[in-house]
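Asker: The following block contains a protein sequence and its predicted model.
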Amino acid sequence: MRAAYHHKAVLGAVVGLLLAFFLASSLAAGQAPQQGAPNNPEPPPAPVQPIPFNHKAHMAAGLTCDSCHTNANNAVLMTFPTAAGCMKCHATLAANTSPIQKLKQYYDSKKPIPWLRVYKVLPGTGFSHHTHLTAGMQCITCHGQVSDMTAMREVKSTTSMGGCIDCHRLHKAPTTCVTCHKAWGPGMVVAK
Ligand code: HEC
Ligand code: HEC
Ligand code: HEC
Ligand code: HEC
Ligand code: HEC
């Protein structure tokens, strides 16, 4: 009997210590309580973009996200800036560098710049920026510290089902399958 009590006490102490260690280590790492999409444990490398675009340099120049990404008309998308938008500055700024020469070629040809996508949900899964921005979610919660990024990478698990559901539980947002897989409603048309 005494041995059993003893074991319980030891077990209690071990659990307590583990908890204290866990709390201390997460505080030490400066982790705020989970707010949004979890960090991507192994972010894939940044794709090689048609023009090497640097968010950090542009944010340091005093731009804001909505100088280039606008969510007009309650839209699903944030959209990318046009070459004409870039040329407002780069018609003169760094105009002789090779990336800006390439930018000018896209501008002159009137073709959109074929940016490679970094965050992309599986087609058929319903995601709307407008819904989330209206609910008070911020760019940083889902895309990380963009103003420190020299090359855009998928640092957050934003497009995985686990990433969506974690945050929905946290904010008591709906988690039934058809919330996100609308096509699976009555009729069960599987998303392509
Ligand atoms: C950072 C937290 C967060 C992440 C990440 C997130 N959501 Fe949400 N989502 C919310 C919140 C908050 C709402 C608003 C709930 C409300 O207004 O009742 C919402 C609402 C929605 C709605 C509308 C639900 C309804 O019927 O009102 C859909 C659809 C949705 N999210 C899909 C997704 C998908 C798909 C993903 C992942 C690709 C995702 N969400 C990732 C927080 C998040
Ligand atoms: C000067 C224009 C400019 C500004 C300002 C800017 N961006 Fe971007 N953003 C771009 C361009 C161009 C791309 C495409 C190239 C790339 O991925 O780096 C992009 C790509 C992205 C992507 C990747 C989207 C995808 O799925 O491919 C995210 C997320 C993003 N920006 C978020 C932000 C946030 C958040 C801010 C503010 C902190 C911001 N951007 C400010 C021009 C801008
Ligand atoms: C409001 C003005 C402004 C806009 C709009 C703007 N940029 Fe820039 N860009 C800058 C500044 C400032 C720098 C930094 C110059 C430096 O660090 O020497 C820069 C630097 C660059 C460079 C590096 C040039 C070099 O020296 O090699 C590239 C590439 C670039 N921008 C691409 C873009 C693209 C693509 C867009 C549109 C998506 C864009 N910029 C929109 C102001 C702007
Ligand atoms: C709740 C999470 C969430 C928030 C908040 C959020 N995004 Fe996104 N973002 C996503 C997801 C998920 C995708 C992929 C959507 C898809 O593939 O249709 C995405 C894609 C993008 C894209 C590329 C596709 C497009 O919509 O044009 C850009 C650019 C972007 N986000 C910028 C931003 C900016 C800027 C903000 C802040 C104003 C922001 N995002 C806030 C989750 C979020
Ligand atoms: C909050 C949004 C959300 C909810 C709720 C949700 N899913 Fe998903 N689901 C996603 C996203 C986003 C993906 C795409 C993940 C990726 O690309 O890695 C996905 C992918 C899937 C896939 C893989 C599809 C394929 O074609 O590979 C299956 C299966 C799935 N979900 C089943 C379910 C079921 C069953 C439920 C209900 C129990 C559910 N999901 C609820 C967002 C959601």
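Answerer: Received it, and whenever you're ready, just let me know what you need. Ligands and ions are numbered 1, 2, ... in the order given.
Asker: Could you pull out the helices in this structure for me?
Answerer: Listed in chain order, the helices found in the chain under DSSP state H are 2-28, 55-60, 65-68, 83-90, 98-109, 129-134, 139-143, 161-170, 177-180.
Asker: Can you give me the neighbour number for residue 182?
Answerer: By other Cβ atoms under 10 Å, 13 other residues sit near residue 182. Every C-beta, even on glycine, is put in place using the N, C-alpha and C of the backbone.
Asker: ok, back up a step: would you single out the least confident of the helices of the chain?
Answerer: If the helices of the chain are sorted by mean pLDDT, helix 2-28 sits at the bottom with a mean of 42.
Asker: what distance separates the start and the end of stretch 52-71?
Answerer: Across its full length, stretch 52-71 reaches 24 Å end to end, with Cα to Cα, to the nearest Å as the criterion.
Asker: Can you pull out the residues in contact with that stretch?
Answerer: Stretch 52-71 is contacted by residues 77-81, 85, 99, 115, 129-130, 133, 139, 146-152 when judged by Cβ atoms under 8 Å, 6 or more residues apart in numbering.
Asker: Mind doing that once more with 6 Å?
Answerer: Residues external to stretch 52-71 that are found in contact with it (Cβ atoms under 6 Å, 6 or more residues apart in numbering): 78, 81, 99, 129-130, 139, 146-150.
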